[in-house]
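In: Build me a model:
(one chain, ligands or ions: 1)
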Amino acid sequence: MNTEMLKIRPRRLRVSPGLRSMVRETSLAVTDFVYPLFVVAGENVHQEIPSMPGVYHLSVDRAVEVAKAAAALGIPSVEIFGLPEYKDEIGSSAWDMASPVQRAIAAIKKAVPELVIVGDVCLCQYTSHGHCGCLAGKYVDNDKTLPLLAKVAVSQADAGADIVAPSDMMDGRVAAIRDALDEAGHQNISIMSYAVKYASGFYGPFRDAADSAPQFGDRRQYQMDPANIREALKETMLDLEEGADIIMVKPAMAYLDVVTRVKEITDCPIACYNVSGEYSMVKAAAANGWIDEKRIVLESLTSMKRAGSDIIITYHALDAARWLAE
Ligand code: PBG
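Out: Numbers count the residues shown, from 1 in each chain. Below you'll find the model as predicted:
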């Protein structure tokens, strides 16, 4: 054996918790998290979503309570998704100021003004056909959808959102939304673009939660092919040119290589979305006693940070915030 080699022993720096903490390269913080909320009509609704244990459909009054609890744990931000009271071909309930999303944004802003509110801008929860834009036959019409998305973004900003997050994957939506926001006097409302959003099986439980499954076909006409990474860089560059302030990669766990590559080409903050299917798999395995939930969640979130994410949108945010505070 060549003992000369053993002058260098990486294990030396692992011998105690103190030493390990000194050489730790990545630290996860509660300030990294955005907590998603699903708001519905009605009052005093707090109903668990079967495929997402620990995540609830909330009426506006209960959403305010949860937002307060998130802020009390030190979580800086919530993202609002909604289930509307009516759907139509063009998704017009998405910009209705009387809809649960706009009312929740306004109520949360009033009750917890320091919380950064992100509005999810899309049409799939609001259209009768479940696609993320309006249709021309069986094709989602890109250019006709743009003004509708812009209306949704402006309505959310009017309600009090700090950030709007388009998740529809239409080409040119960031520019259309930026123009409309500026015209409406919302120069300081940021755009967090779901720039790199893959057509993923990991969104399954969300579509139950948001009642947003497409009624025919799937989203491969507009969301990205999971096999592609150069295309992720192209989408990123386009959205930056159009005025995106934050670039998001979605899903997270199976796409951390994409997070790293995107991070390398821009100085703008990178977000990743730890999506519903990733959450539900962990919850199911934990409920069966097959994994240590706390350990797996903190390890996964740390890996998202290590890969290059500055912001992590996660349904685990409340639990993770408590565990980090322990
Ligand atoms: C809307 C939207 C989706 C998600 C966020 N915004 C679903 C989809 O594209 O089908 C998924 C979030 C999750 O799975 O947690 N377009």
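
In: What residue in the stretch 101-250 of the chain comes nearest to the ligand?
Out: Using CB to the nearest ligand atom, the closest approach of the stretch 101-250 of the chain to the ligand is made by Phe206 at 3.1 Å. For the C-beta atoms, the positions are set from N, CA and C on the backbone; glycine is no exception.

In: In space, what's closest to that residue - neighbours in sequence excluded?
Out: With sequence-adjacent residues excluded and distances taken as CB to CB, 6 or more residues apart in numbering, Phe206 is closest to Ser276, at 3.8 Å.

In: pretty sure the one you found contacts Pro205?
Out: Yes - using CB atoms under 8 Å as the test, Ser276 is close enough to Pro205 to be in contact (3.9 Å).

In: longest helix anywhere in the protein?
Out: Secondary structure of the chain read by DSSP state H shows that its longest helix is helix 142-159.

In: Could I get the buried residue list for that helix?
Out: By neighbour count, and taking 16 or more other CB atoms under 10 Å as the criterion, the buried residues in helix 142-159 are 142, 145-146, 148-159.

In: can you give me the strands in this structure?
Out: Using DSSP state E, the strands assigned to the chain run over residues 33-40, 46-49, 52-59, 77-82, 116-121, 135-136, 139-140, 163-166, 190-197, 246-250, 270-274, 311-314.

In: before we move on, back to that, could you give the number of residues near the residue nearest to Phe206?
Out: Ser276 is flanked by 24 other residues according to other CB atoms under 10 Å.

In: could you dump the strands of the chain to TSV with mean pLDDT and distance to the ligand?
Out: Listed next are those as TSV, based on pLDDT from 0 to 100; distance: least, CB to the nearest ligand atom, whole Å:
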stretch	mean pLDDT	distance to the ligand
strand 33-40	98	7
strand 46-49	97	11
strand 52-59	97	8
strand 77-82	97	7
strand 116-121	98	5
strand 135-136	94	15
strand 139-140	94	12
strand 163-166	98	8
strand 190-197	98	7
strand 246-250	98	7
strand 270-274	98	6
strand 311-314	98	8
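
In: any chance of those strands in a markdown table, with mean neighbour count too?
Out: Listed next are the strands of the chain as a markdown table, based on neighbours: other CB atoms under 10 Å:
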| stretch | mean neighbour count |
| --- | --- |
| strand 33-40 | 24 |
| strand 46-49 | 14 |
| strand 52-59 | 19 |
| strand 77-82 | 23 |
| strand 116-121 | 25 |
| strand 135-136 | 14 |
| strand 139-140 | 18 |
| strand 163-166 | 26 |
| strand 190-197 | 26 |
| strand 246-250 | 26 |
| strand 270-274 | 27 |
| strand 311-314 | 25 |
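
In: For Pro214, find the nearest of those strands.
Out: Closest of these to Pro214 is strand 139-140, at 9.5 Å (criterion: CB to CB).

In: on that earlier part again, what packs against the longest helix of the chain?
Out: On a contact count with 3 or more CB pairs under 8 Å, 6 or more residues apart in numbering; DSSP states H and E, helix 142-159 meets helix 100-111, strand 116-121, strand 163-166, helix 173-183.

In: Whether the first one contacts the ligand - can you check?
Out: It stands for helix 100-111. No - on the criterion CB under 6 Å from any ligand atom, helix 100-111 is out of touch with the ligand, staying 12.4 Å away.

In: what's that helix in contact with?
Out: Around helix 100-111, the neighbours that count as contacts under CB atoms under 8 Å, 6 or more residues apart in numbering are 37, 39-41, 59-61, 63-64, 67-68, 78, 80-85, 94, 96-97, 115, 117, 119, 155-156, 158-161.

In: try it again with 6 Å
Out: The list of residues contacting helix 100-111 from outside it, by CB atoms under 6 Å, 6 or more residues apart in numbering, reads 39-41, 60, 63-64, 67, 80, 82, 117, 155, 159-161.
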